[in-house]
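Peer 1: Task: produce atomic coordinates for the following.
(4 chains, ligands or ions: 4)
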Amino acid sequence: MAELTLVEAVNLALARALEIDPDVVVFGEDIGINGGVFRATLGLQARYGKERVMDTPLSETLIAGMAIGMAAQGLKPVAEIQFMGFIYPTLDQILSHAARLRNRTRGRLHCPMVLRAPYGGGIHAPEHHSESTEALFAHIPGLRVVIPSSPLRAYGLLLAAIFDPDPVIFLEPKRIYRMVKEAVADDGQALPLDVCFRLRDGSDVTLVTWGAMTHETLQAADRLAQEGISAEVIDVATIKPIDSATILESVAKTGRCVIVHEAARACGVGAEIAAQLAEHGLMSLYAPVQRVTGYDTIMPLFRLEQHYLPTSARIVTAAKRTLEAA
Amino acid sequence: MAELTLVEAVNLALARALEIDPDVVVFGEDIGINGGVFRATLGLQARYGKERVMDTPLSETLIAGMAIGMAAQGLKPVAEIQFMGFIYPTLDQILSHAARLRNRTRGRLHCPMVLRAPYGGGIHAPEHHSESTEALFAHIPGLRVVIPSSPLRAYGLLLAAIFDPDPVIFLEPKRIYRMVKEAVADDGQALPLDVCFRLRDGSDVTLVTWGAMTHETLQAADRLAQEGISAEVIDVATIKPIDSATILESVAKTGRCVIVHEAARACGVGAEIAAQLAEHGLMSLYAPVQRVTGYDTIMPLFRLEQHYLPTSARIVTAAKRTLEAA
Amino acid sequence: MARADSFADGNSITPPPRQFGQARRVAHFEIKYLQYLNHLGEVAEELPEFAQERGQLLALYRAMVLTRTFDKKAIALQRTGKLGTYASSLGQEAAAVGVGAAMAKQDVLLPAYREYGAQFLRGVSMTEILLYWGGDERGMNYGAQAEDFPICVPIATHAPHAVGVAYAMKLRGQARVAVCALGDGATSKGDFYEAVNIAGAWQLPLVFIVNNNQWAISVSRAAQTRAETLAQKAIAAGIPGEQVDGNDVIAVRERVAQALDTARHGGGPRLIEALTYRMGDHTTADDASRYRPGDEVEQQRQYDPIARLHKYLARCGEWSQQQDDALYAECEAKVDAAVKDYLATPAVAPESMFDYLYEKLPVALRTQRESLSSQGESGNG
Amino acid sequence: MARADSFADGNSITPPPRQFGQARRVAHFEIKYLQYLNHLGEVAEELPEFAQERGQLLALYRAMVLTRTFDKKAIALQRTGKLGTYASSLGQEAAAVGVGAAMAKQDVLLPAYREYGAQFLRGVSMTEILLYWGGDERGMNYGAQAEDFPICVPIATHAPHAVGVAYAMKLRGQARVAVCALGDGATSKGDFYEAVNIAGAWQLPLVFIVNNNQWAISVSRAAQTRAETLAQKAIAAGIPGEQVDGNDVIAVRERVAQALDTARHGGGPRLIEALTYRMGDHTTADDASRYRPGDEVEQQRQYDPIARLHKYLARCGEWSQQQDDALYAECEAKVDAAVKDYLATPAVAPESMFDYLYEKLPVALRTQRESLSSQGESGNG
Ligand SMILES: Cc1ncc(C[n+]2csc(CCOP(=O)(O)OP(=O)(O)O)c2C)c(N)n1
Ligand SMILES: Cc1ncc(C[n+]2csc(CCOP(=O)(O)OP(=O)(O)O)c2C)c(N)n1
Ligand SMILES: [Mg+2]
Ligand SMILES: [Mg+2]
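Peer 2: Residues are numbered from 1 along each chain as shown, chains lettered A, B, ... in the order given. Ligands and ions are numbered 1, 2, ... in the order given. Sure, this is the predicted structure:
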């Protein structure tokens, strides 16, 4: 069983999908001979041919729209948007069509497509290359938005996304593309969508997060543990639809909740989680919910990005604040 | 002082702006001789000329992008998107450029543009003509999102938006375009942005809403009053950035909050408001926050739209639930 | 069309030409226009083979008459509050029927919203179209047409879908073609351009029909673009583009059939601009007299596609007034039956808005569905 | 170009042509290519007036040498960790310098990200460009260039901005022109098309420069589109389009000046495709050897824009090796000074991320700004 990074696990899942299902096609800008700018599609064109693994012209609207047409014909398109900063031209196609095709045709046509994009900051990238705007997609009915935070989950969730009969936005936290390795069995096994993953059990406070921030959050949990505070860590993974039951259950146990995300705070996905707590978990809350997030500013160019990104220190502070309040 | 409908007040504000400032230009699809499909721009081209009031080709991305270029040159463009369902191709321009121009040039260039669009359901319109996706824009740093809910506020807020030095998405609740008339003085006076409007004082429960739903919410407040329940009604008006202080203050007084919006619930703007309460208002809440919203489904075609849209009955029920919980 | 350019037909790059000389012509293009029957119903060009057969022409005629009969009825239904906003195809019947008649069953049509004439020929029922404009999603679940796309309201957004459909056909080696119909206004949108461009680059089995009815609501064809023809939009993509008289059903049928044949056999995409005219308001919610001179519409009446073919058939002595009356009566009856079905369609359950969102309703949405079921009293909180 | 079509130049609609005849040609177009100096530095075409003046040519030469010197230094800075990802303009200096030299001060440039040669001529400082790629927004606050747009990363999204800029100029009756530069890859994007189309429809003072360097990262020019030339993208918009040898600074300067002159005097927009070649990697984060044959790059060396003009100047006896050495030394010194300024630029305050978001920081954001100030310990909750 190979020890793989997250981006290698993505590559492996793509290869597995192409291997087992002739309906799978992979495309995007620079994903062919170049293997994608992060090498997520490395070697796929050589192995599966230019008909199934193809470079597109520089047309994001088209990439998304074309995937819809393919999906309606029963292909399983897996399209790459090179960076999340260039995903916005796809929004119309995703919202107006991909997410609606099944509903508007009462199931006659449906849309088993995946739109992959690396997202998030922290890699010293140029302007528009460090975006975390998952909340835009998380608001869209009919869609799934899935974010892996480890090599194993990248492999299993991507396979699940590809073989799911409905459209999935699959956001890959590029800051942790190569941060850790995990043994990943190439067994073609999908992980479940629509459920949170409990990464760590705890009893004093629930830390809820996803994507690259799981890293800082787990670090924070470690540091809290050192101070005798037991933090439960939940990786939401599917942020649309959200498995609030798991989160509510955890907070029912701990009575405290810190939500961590990299995206801007206002109307971020953290708001939805906090809202669920205010609606359905109010009586179990011992302390105000805390959100540790990016600021409601534009993600700064890289000189300041570390000031923008939540840190484990901030998470620890917020967690302690929930404990003080009690 | 003329008694005007909301759409007439929009028209009046546009005319006033064109009149007092030669830098104001108005454009969009069918806004010229046709006066816009809702007649919001009626007569403007005849009065202010084809150079300042112009029909564009059918290109929404362009409409938004062009506004940015004009704004950078010191014009005050007011662009119309015919229906919110066709606004999505503008998102890239709005998010990547309009909202960032000032920040990325450190103030050298800025973007005093307005993008107007009628939004919301309930008028028996065709597919894609009944959208309420204001949350997408409310997540974007650097942007303002403003929604009037009466003729007076339409006039005053639109003038404020046009003369604000930063970009504004101005969403017009088309269901109430002609629902009520109000006396509107054409005095060129802007209303303040970034603040909520308290439409009704109350002490038992706070009802927070915006847009066409203010109508159902005020109705609900009336019905509650008949049962001896005193509801405070807040029209958020500027949903980005949100004036949470006013909402928190009200809930500090009433201890109960019902948030009403037409948009889908998950990651809607109501989530942000509930989250603020969970963070900063927890100790004043006597009861779980309630959200009365559209479902997390696709806005159905018109046969079912009444089943989707929140009603005053639902609001009343939710308000009573907050009172039971206490 | 134009020079063999090594940039354009391979992955290798050769340097730009460097010889001495004056500004050289490196590419040239032309756009052609075709019409078979002129507006008087006279043969303007030797008729294509299919049009020598009476049966074929009559089938086209019938389809146009049915479409127009449907259209009138739909408008009447809207006026009496039994239908929502409706987009009429009055005057554009030939452009739609010609396309529908040229297509093979296994092809896929991606229509805008005025192609009823094509949709009916492909098996979409009149009842379905009425349900759609009647505000009911079931109108997009075409019972006898599994693969065609439903009507597309956000302009030109279906052009990229057509690319994906055509790609799937090509990948699977099928002898099928995707046909994407859109309006003159639609040609101003980036989606349209991106789709045409890649159809060229990838030589997809894809035919674009631009129904140039001279107006996009109140914005005239001239205001959309300075391009002399819309057919020349194809040049930007390096694919063939041409104009046909869109009110001449023979020309539409013939040129679309040609394009389909080429595309079906690996010859790549084509763009056909059908010159026609929107005789009615944009939709029932529109009032074209606000922006369009009445005499323009009057003048256009002489080019009517149905009258034209009728004249030709009559002149050939193949079609009596009696036969014509019978046809109209038959169409009326069909439309009436469809309207009856439409009006008798049982109401749709409100919960259905949850039932086709995903293949399986996510757990997270179950409570919402339940609260809708028990609505009214209990609210949707 | 092409017939006078009544659809295209007025608001009135006349019916499509109806005469008898064969498929008629209704429009035709051609694309021309121009080069003055061939790659050997020989005169391929009688030089335009400005190029008769030694001073003018030398100015172009200097600007190209400065740009290349800057480019080398920037790459070196990136390699040593003193700069972020950087996009080189190696090999494309003529296409940028020709544009910058042709533009008037009052015009507005909307660049992509390889037009340093044009930006420097317009007053953008090398320090600013370094700050930008060094991850600092202050690099877009051009001190000596108030109105030009900053570098644009999301491909082709600045084309609509150029439309707005040009519209403002036209509305105000100014004799100014907007110039939008973009790459071959950018021509596949809808934004580009929508902008070119409206520039035509509205006859805006707007010149599009397509820097066709044959690659969009790893995607070749041929893979972007089947169009034989990128210049013909203009035909879709009914505006003039042409090719120039983009490595011939004289041709670029001359044709852009012509286009500006036309546009400035109400003659409408133009699209110029400059044929050039990206000699380096896409950016410092790219490795072009993964996808591009080395011999292609080798072969392209002979077309180098700087060597070419140098040969011509030398042949004319107007430029000695000594002078050349002095020029290079002078450019090195300038670049070094800019680098020094760049490295010495004081750090930016983290709170600055709040300070240019809006004209006035909304009250709702004050707490966030404060929490950033007191960060570290207190968190940003
Ligand atoms: C993207 C988008 N923008 C605006 C609209 C509103 N709208 C509906 S039809 C129409 C005009 C379409 O013109 P054209 O493409 O010529 O088709 P026609 O209606 O003439 O058949 C407009 C602007 C829309 N449906 N979609
Ligand atoms: C909308 C968008 N999609 C993708 C990218 C990533 N990207 C950066 S440059 C580039 C290629 C651009 O090619 P071209 O327009 O030819 O310009 P060049 O880099 O060759 O100068 C791509 C795909 C981007 N910046 N913007
Ligand atoms: Mg039209
Ligand atoms: Mg390029």
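Peer 1: in the stretch 51-200 of chain C, which spans are strands?
Peer 2: Using DSSP state E, counting those that start in this stretch, the strands of the stretch 51-200 of chain C run over C:108-110, C:178-183.
Peer 1: D:Ala146 is nearest to which of these?
Peer 2: For the strands of the stretch 51-200 of chain C, the distance to D:Ala146 is smallest for strand C:178-183, at 42.1 Å, taking CB to CB. C-beta: built from backbone N, CA, C; applies to glycine.
Peer 1: Mind giving me the packing neighbours of that closest one?
Peer 2: Contacting strand C:178-183 under the criterion 3 or more CB pairs under 8 Å, 6 or more residues apart in numbering or on different chains; DSSP states H and E are the following elements: helix C:93-102, strand C:108-110, helix C:158-171, strand C:206-212.
Peer 1: Quick one: closest of the ones you listed to chain D.
Peer 2: strand C:206-212 (8.4 Å; CB to the nearest CB).
Peer 1: And the nearest residue to A:Thr297 once chain neighbours are set aside, which helix or strand is it part of?
Peer 2: Counting by CB to CB, 6 or more residues apart in numbering or on different chains, A:Thr297 lies nearest to D:Met353, which is 4.5 Å off, once chain neighbours are set aside. Secondary-structure element containing D:Met353, defined by DSSP states H and E: helix D:352-355.
Peer 1: quick one: contacts of that helix?
Peer 2: Residues from elsewhere that reach helix D:352-355, judged by CB atoms under 8 Å, 6 or more residues apart in numbering or on different chains: A:295, A:297-298, A:300, A:304, A:307-308, B:103, B:106, D:137, D:361, D:365, D:368-369, D:372.
Peer 1: That one: what's the following helix or strand?
Peer 2: Note on helix D:352-355: by DSSP H and E, the next helix or strand toward the C-terminus is helix D:363-373.
Peer 1: For that following helix, which residues meet the burial criterion?
Peer 2: If you call a residue buried by 16 or more other CB atoms under 10 Å in any protein chain shown, then helix D:363-373 has these buried ones: D:Ala364, D:Leu365, D:Gln368, D:Arg369, D:Leu372.
Peer 1: Which member of the residues you listed is positioned nearest chain A?
Peer 2: Looking at these and their distance to chain A, the nearest is D:Gln368, at 5.1 Å (CB to the nearest CB).
Peer 1: Could the C-alpha coordinates of the helix holding D:Met353 be exported in CSV?
Peer 2: Output for helix D:352-355, consisting of C-alpha atoms alone and laid out as CSV, is shown next (Å, rounded to 0.1, in the frame of the first residue of the first chain):
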residue,chain,number,x,y,z
SER,D,352,-4.0,47.6,5.5
MET,D,353,-6.1,44.7,4.3
PHE,D,354,-9.0,46.6,5.8
ASP,D,355,-8.1,50.1,4.7
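Peer 1: helices and strands around whichever helix in chain C runs longest, which ones?
Peer 2: Residue-count comparison of every helix in chain C, with assignments taken from DSSP state H, identifies helix C:54-79 as the longest. Using 3+ CB pairs under 8 Å, 6+ apart as the contact test, the elements touching helix C:54-79 are helix C:93-102, helix C:116-121, helix C:126-133, helix C:249-264, helix C:305-315, helix C:321-344.
Peer 1: anything in the last one near chain B?
Peer 2: No. Using CB under 8 Å from any CB of the partner chain, helix C:321-344 stays clear of chain B, coming no nearer than 12.2 Å.
Peer 1: and what of the shortest one?
Peer 2: No. Judged by CB under 8 Å from any CB, helix C:116-121 makes no contact with chain B; its nearest approach is 15.0 Å.
Peer 1: What's the mean pLDDT across that helix?
Peer 2: Mean pLDDT, taken over the full extent of helix C:116-121, equals 98.
Peer 1: Over to the third one?
Peer 2: Averaged over helix C:126-133, pLDDT sits at 98.
Peer 1: repeat for stretch C:303-311
Peer 2: 98.
Peer 1: Next, the buried residues of it.
Peer 2: Within stretch C:303-311, the residues that qualify as buried by neighbour count (16+ other CB under 10 Å) are C:Tyr303, C:Asp304, C:Pro305, C:Ile306, C:Arg308, C:Leu309, C:His310, C:Lys311.
Peer 1: Pull the residues that contact it.
Peer 2: When contacts are defined by CB under 8 Å, 6+ apart, stretch C:303-311 is touched by residues C:37-41, C:57, C:60-61, C:64-65, C:68, C:91-95, C:246-250, C:276-277, C:279, C:319, C:324, D:15, D:18.
Peer 1: show me the contacts for the residue of the stretch 51-200 of chain C found nearest ligand 1.
Peer 2: Distances between the stretch 51-200 of chain C and ligand 1 by CB to the nearest ligand atom are smallest at C:Gly183, namely 2.4 Å. Taking CB under 8 Å, 6+ apart as the criterion, C:Gly183 is in contact with C:Ala112, C:Arg114, C:Ile155, C:Val210, C:Asn211, C:Asn212, C:Asn213, C:Ala216.
Peer 1: Check the burial of whichever residue of the stretch 151-300 of chain A sits closest to ligand 4 by counting its neighbours.
Peer 2: Across the stretch 151-300 of chain A, the shortest distance to ligand 4 (CB to the ion) belongs to A:Lys174, at 23.8 Å. Using other CB atoms under 10 Å in any protein chain shown, A:Lys174 has 26 neighbouring residues.
Peer 1: can you check the one 3 residues further on too?
Peer 2: Taking other CB under 10 Å as the criterion, the count of residues near A:Tyr177 is 22.
Peer 1: pLDDT value on it, please?
Peer 2: A:Tyr177 carries a pLDDT score of 98 in this model.
Peer 1: Noted, bye for now.
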